[in-house]
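Q: Could you look at this predicted model? Sequence included:
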Amino acid sequence: MDSAMSSISQTELPEIDAKEFEKVVETRRSIRRFTDEPVPDKILNRCLDLAMLAPNSCNLQPWEFYIIKDPAVKKKLVHACLDQNAAKTSQALIAVVARTDTWYKHCDENITAWPDPKLPKLVEDFFSKVAKFQYALGPLGVLGLFKKGFFSIAGLTRPVPRGPYSRAEMKEWATKSTALAAQTLMLSLRAHGYDSCPMEGFDEKRVRKIMALPSKASVVMFVAAGKRSEKGVYNTRYRFDREKFVHTI
Ligand SMILES: Cc1cc2nc3c(=O)[nH]c(=O)nc-3n(C[C@H](O)[C@H](O)[C@H](O)COP(=O)(O)O)c2cc1C
């Protein structure tokens, strides 16, 4: 069975070599030119399985990954990706898509896919009632507006959930989990000796049309993949100082 399930024991944790992880993180670069060497399907699928182990909101897995195989479709998408070299030379091109319309079905699937013999009542209630209320916006978003109003008032005296209460907030909700999966995909590719480039530089309108995406699906980014060519890294990597970003409060 194709599955994103981990084969590693969750109870007896294996020794982890942090240095190997550091190597993966530090050698991952955004690669803009790839060699002609293909990414084997087996490796790409493994990396996608690992990507789907990314943390995600309520395990509702609001993501999709489209491997662009059809050369004619790829040609159009490369053009829609503004003919970026990373897209043009990619040996695998993956559209990483966030969905705001799969959460309800996935609530039910969380119940049927529960891996242990007994489904805890708390979990059943969460996926059959709580989550279904939490993410529902209702016809024309009316329920979302109602929840926003209700929780704004309730929130005057106690902490309350502040969303998602609108389509835009649902998009943000789905995008967060999907972006984590995209990053896990890129790190997995690196761990398997392959490279990647995330791309948000694309004409969204054209991409939606080429891929015939439903309105509640949005391409979070394309991930171009392959083996880095000699001129694949455009510049020496640098970041600003930690002090600028890390705060203690
Ligand atoms: C959301 C996102 C979108 C990006 N879009 C593009 C893109 O369209 N084209 C590109 O060449 N690089 C793109 N990048 C790569 C960044 O430019 C790159 O990550 C950054 O310069 C740091 O370099 P590094 O990834 O090699 O560490 C994107 C990165 C992210 C996270």
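A: The structure has been received and is ready for your questions. Residues are numbered from 1 along each chain as shown.

Q: Checking Pro198 next. Helix, strand or coil?
A: Secondary structure, DSSP: H, G, I helix; E, B strand; the rest coil: Pro198 is strand.

Q: ok, it touching Leu189?
A: No - assessed by C-beta atoms under 8 Å, Pro198 is found out of contact with Leu189, at 11.1 Å. Every residue, glycine included, has its C-beta placed from N, CA and C.

Q: Tell me which of those two has more neighbours.
A: Each of Pro198 and Leu189 has its neighbours counted (other C-beta atoms under 10 Å); Leu189 has more, 29 against 18.

Q: Can you pull the residues of this structure lying near the ligand?
A: Neighbours of the ligand within the chain, by C-beta under 6 Å from any ligand atom: 29-30, 32, 84, 86, 197-201, 221, 237.

Q: List buried residues within these.
A: Neighbour-count burial (16 or more other C-beta atoms under 10 Å) is assigned, among the residues of the chain next to the ligand, to 29-30, 32, 84, 86, 197-199, 221.

Q: how about Pro55, what does it touch?
A: Pro55 is in contact with 177, 180, counting by C-beta atoms under 8 Å, 6 or more residues apart in numbering.

Q: what do you get if the cut-off is 10 Å, keeping everything else the same?
A: Taking C-beta atoms under 10 Å, 6 or more residues apart in numbering, we find Pro55 in contact with 176-177, 180-181, 184.

Q: now Pro14
A: Ile8.

Q: what's the spacing between it and the ligand?
A: Distance of Pro14 to the ligand, given as C-beta to the nearest ligand atom, to the nearest Å: 28 Å.

Q: again, but for Glu124
A: 37 Å.

Q: Quick one, grab the pLDDT at that residue.
A: As predicted, Glu124 sits at a pLDDT of 98.

Q: count of residues packed around Glu169?
A: For Glu169, using other C-beta under 10 Å, the count is 17.

Q: Distance of it relative to Phe133?
A: Counting by C-beta to C-beta, to the nearest Å, the separation of Glu169 from Phe133 is 15 Å.
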